[in-house]
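Enquirer: mind looking at a prediction? Sequence and model below.
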Amino acid sequence: MSSAVAMQAVGPKRVVPDAVGILVVSTNLELRRDITSRLRSSRWVINEAMSGAEALERISAGDVSVVLLDPVLPDLRVDEFKEIIQLQHPDVEIVPVNPHTGQAIFATPSPDTLCFDVLRDMGRSAPTRGSDATSAGSPGDSVPETGLPGFIGIAPAIQRSCALARLVAPRDTTVLITGESGTGKDVVASAIHQLSMRKLKPFVVINCAAIPEPLLEAELFGFVKGAFTGAVQSRIGRIHAAQGGTLFLDEIGDLPLGLQSKLLRFLEQGEIQRLGSSDTFRVDVRVLAATNSHLRRLVQEKQFREDLFYRLSVFPIELPPLRERMQDVLPLSHSFLAKFCPRSVTLSPESAALLQQHTWPGNVREVRNVMERASILLGQGFEVGPEHIVI
């Protein structure tokens, strides 16, 4: 179905420059392409985005004056998106698109405001949501207020996890994020920090599996000059560096037993002691942890302290694997394609079907890798076919 495009200007009035940058933001590929095709003109420079995070990235890059916004975003609530734009890019105008009819809603503007009368006079139709095989939803779909910044996920399984993250974000509660490798645990941790009262303070990440055990204690707690061979000057640790903010302990299941007791003391008392020093420092740090290990099994095997496990898992959040939320495969694929391709690129119906048939053992990280390879194999083309999908 189609509907006439009527238009109403929103936001501050501005005189038309030589070429106005317009960003069409929607998960609905057909809607984006329909609007884009009808705005072909030397007066407009058109770009597309399929998520709030991608849109913010493109706006930050500059040359965007108007955002045509579908309020059904996979990763941000519209009010959050608008608030960020108003704070960071107050000169950018936001114009809504009806999510049910696919109708961009504008009204008659004054002649000196971005020439929206040109858009109004298009008299063309826009597709209804859900008519495209790559669309993220149907006419009645909407994204509940449970999304996370920078996180794409519309499937009910992931939305429940996102809702828990939003619920706990304003508190200082310790959170344990679990899930298979590649499910986006680091993205959720970052989103919790961004939604917390500590968002203007540091977000410090330490991968417990990536740092050799002899160095990990010094990285976490810091050291004083002469504490060990090579310690030529004193240095604060990552915990101290996160003062006032958030410390994210990734792969916490790989934390050596010898350090677990020291971490537990910090969590319980809020104090740290640098290597080679008897002085203690009080720190105000919120702790998030993540693991793809089964910590309960590690506790049973005496590889992880039971008291530390319970101290970390005050508020557990489990991220489901991608195979349990297949609705997100195409939105994720489009998002990564937009990231890797400087121009607008689509998925052919055959390649979309191929992506939806795969079980994605590598989860979101695997989707990212597949789309990066596809963008390279595509060359200068505009449509990703099955020959570009290497799985």
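Expert: Structure received.

Enquirer: just the mean pLDDT for the longest helix along the chain, thanks.
Expert: Counting by DSSP state H, the longest helix found in the chain is helix 363-378. If you average the pLDDT over helix 363-378, you get 95.

Enquirer: after that helix, which helix or strand is next?
Expert: Using DSSP states H and E, the helix or strand that follows helix 363-378 in sequence is strand 383-384.

Enquirer: from residue 325, how far out is the residue nearest to residue 211 when sequence neighbours are not counted?
Expert: Among residues not flanking residue 211 along the chain, residue 219 sits closest, at 5.5 Å (C-beta to C-beta, 6 or more residues apart in numbering). All C-beta atoms are positioned from the backbone trio N, CA, C, and that covers glycine. Residue 219 is 35 Å from residue 325, where distance means C-beta to C-beta, to the nearest Å.

Enquirer: neighbour count for these two, which is higher?
Expert: Ranked by neighbour count (other C-beta atoms under 10 Å), residue 219 and residue 325 place residue 325 first, with 23 against 19.

Enquirer: isn't the more buried one right up against residue 155?
Expert: Yes - if you go by C-beta atoms under 8 Å, residue 325 and residue 155 touch, sitting 3.3 Å apart.

Enquirer: chain neighbours aside, what residue packs nearest to residue 313?
Expert: Closest to residue 313 by C-beta to C-beta, 6+ apart is residue 176, at 4.3 Å.

Enquirer: ok, now residue 264?
Expert: Nearest to residue 264 is residue 308, by C-beta to C-beta, 6+ apart, at 4.7 Å.

Enquirer: mind checking the SS state of that neighbour?
Expert: Following DSSP: H, G, I helix; E, B strand; the rest coil, residue 308 is assigned to helix.

Enquirer: just for the stretch 51-200 of the chain, where's the confidence low?
Expert: Along the stretch 51-200 of the chain, the model assigns pLDDT under 70 to residues 75-76, 98-146.

Enquirer: quick one, strands of it?
Expert: 66-69, 93-96, 105-106, 125-127, 175-178 (DSSP state E, counting those that start in this stretch).

Enquirer: relative to residue 344, which of these is closest?
Expert: Residue 344 sits nearest to strand 66-69 of all those, at 14.3 Å, using C-beta to C-beta.

Enquirer: the closest one pairs with which strands?
Expert: Paired neighbours of strand 66-69 in the sheet (DSSP bridges): strand 20-25 (parallel), strand 93-96 (parallel).

Enquirer: angle of the helix or strand following the first one against strand 20-25?
Expert: Stepping forward along the backbone from strand 20-25, the first helix or strand reached (DSSP H and E) is helix 29-38. Direction vectors for helix 29-38 and strand 20-25, defined by axes from the mean of the first three to the mean of the last three C-alpha atoms, to 10 degrees, enclose an angle of 160 degrees.

Enquirer: I'd guess residue 261 is in a helix, am I close?
Expert: Yes - counting by three-state DSSP, residue 261 is part of a helix.

Enquirer: how many residues are close by residue 369?
Expert: Neighbours around residue 369, by other C-beta under 10 Å: 15.

Enquirer: hey, where'd the helices end up in the chain?
Expert: 29-38, 52-60, 78-88, 116-120, 156-168, 185-194, 213-221, 238-241, 257-269, 295-300, 306-312, 329-340, 349-357, 363-378.

Enquirer: and residue 206, which of the ones you listed is closest to it?
Expert: So among the helices of the chain, helix 238-241 is nearest, using C-beta to C-beta, at 4.8 Å.

Enquirer: which secondary structure elements does the closest one sit against?
Expert: strand 203-207, helix 213-221 (3 or more C-beta pairs under 8 Å, 6 or more residues apart in numbering; DSSP states H and E).

Enquirer: chain center to it, what's the gap?
Expert: 25 Å (C-alpha atoms, centre = their mean, to the nearest Å).

Enquirer: could you do stretch 205-221 as well?
Expert: 26 Å.
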